[in-house]
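Asks: for reference, the sequence and a predicted model appear below.
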Amino acid sequence: QVHLVESGGGTVQAGGSLRLSCAASGRTFSRYIMGWFRQAPGKEREFVVGISWNGENTYYADSVKGRFTSSRDNAKNTVYLQMNSLKPEDTALYYCAASGTSAMGPYDYWGQGTQVTVSS
């Protein structure tokens, strides 16, 4: 069992930056592939990035490539999402998730989400 808690969301102007964190409980965090997803109002949940157990491999959605960077610190049981050059279309509820299978899923555990709002 893995319990995930996101933080770091907020409101920022277009072009600004935010750093999201996802803290995980449990001693097996390093065994999981971690992912970030987002869901905007009226839209389906969207994959943002997946990061391998050791952080060496990352897989980004085309919509965020070059702007977002994910990393993890297994000693702190935390995964991060650095978001730069934010756009209004990045506004969404951002979730982290853990997969015991692959970056493409399925994802077994989910956090409650943190809201990111980008104003124009």
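Replies: Thanks, I have the structure now. Numbering: from 1, shown residues only.
Asks: use CA for all of it now, contacts and neighbours both
Replies: Noted.
Asks: surely residue 87 and residue 117 touch.
Replies: No - Residue 87 is beyond contact range of residue 117, at 9.2 Å (criterion: CA atoms under 8 Å).
Asks: could you dump the strand or helix carrying residue 71 to CSV, C-alpha only?
Replies: Taking DSSP states H and E as the criterion, residue 71 maps to strand 68-73. Extracted as CSV, the C-alpha positions of strand 68-73 are listed here (Å, rounded to 0.1, in the frame of the first residue of the first chain):
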residue,chain,number,x,y,z
PHE,A,68,8.2,20.4,-17.3
THR,A,69,10.8,18.3,-15.6
SER,A,70,10.1,15.4,-13.2
SER,A,71,12.6,14.1,-10.7
ARG,A,72,12.5,11.9,-7.5
ASP,A,73,14.4,11.5,-4.3
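Asks: run through who's touching that strand.
Replies: 49-51, 54-55, 58, 78-84 (CA atoms under 8 Å, 6 or more residues apart in numbering).
Asks: if we go to 6 Å?
Replies: Residues outside strand 68-73 that contact it (CA atoms under 6 Å, 6 or more residues apart in numbering) are 55, 78-83.
Asks: give me the residue at the spatial middle of the protein.
Replies: residue 36 (2.7 Å; CA atoms, centre = their mean).
Asks: low-confidence stretches in this structure?
Replies: The chain contains no residues with pLDDT under 70.
Asks: quick one: the helices in it?
Replies: Secondary structure of the chain (DSSP state H): no helices located.
Asks: the strands in this protein, which residues?
Replies: 4-7, 10-13, 18-24, 33-39, 46-51, 58-60, 68-73, 78-83, 92-99, 109-110, 114-119 (DSSP state E).
Asks: from memory residue 5 sits against residue 20, does it?
Replies: No - counting by CA atoms under 6 Å, residue 20 is not a contact partner of residue 5; they are 10.5 Å apart.
Asks: more neighbours: the two, which one.
Replies: Neighbour totals were compared for residue 5 and residue 20, and residue 20 leads with 22 against 18 (other CA atoms under 10 Å).
Asks: now that one. Nearest residue, chain neighbours left out?
Replies: Leaving out its chain neighbours, the residue that sits closest to residue 20 by CA to CA, 6 or more residues apart in numbering is residue 8, at 4.5 Å.
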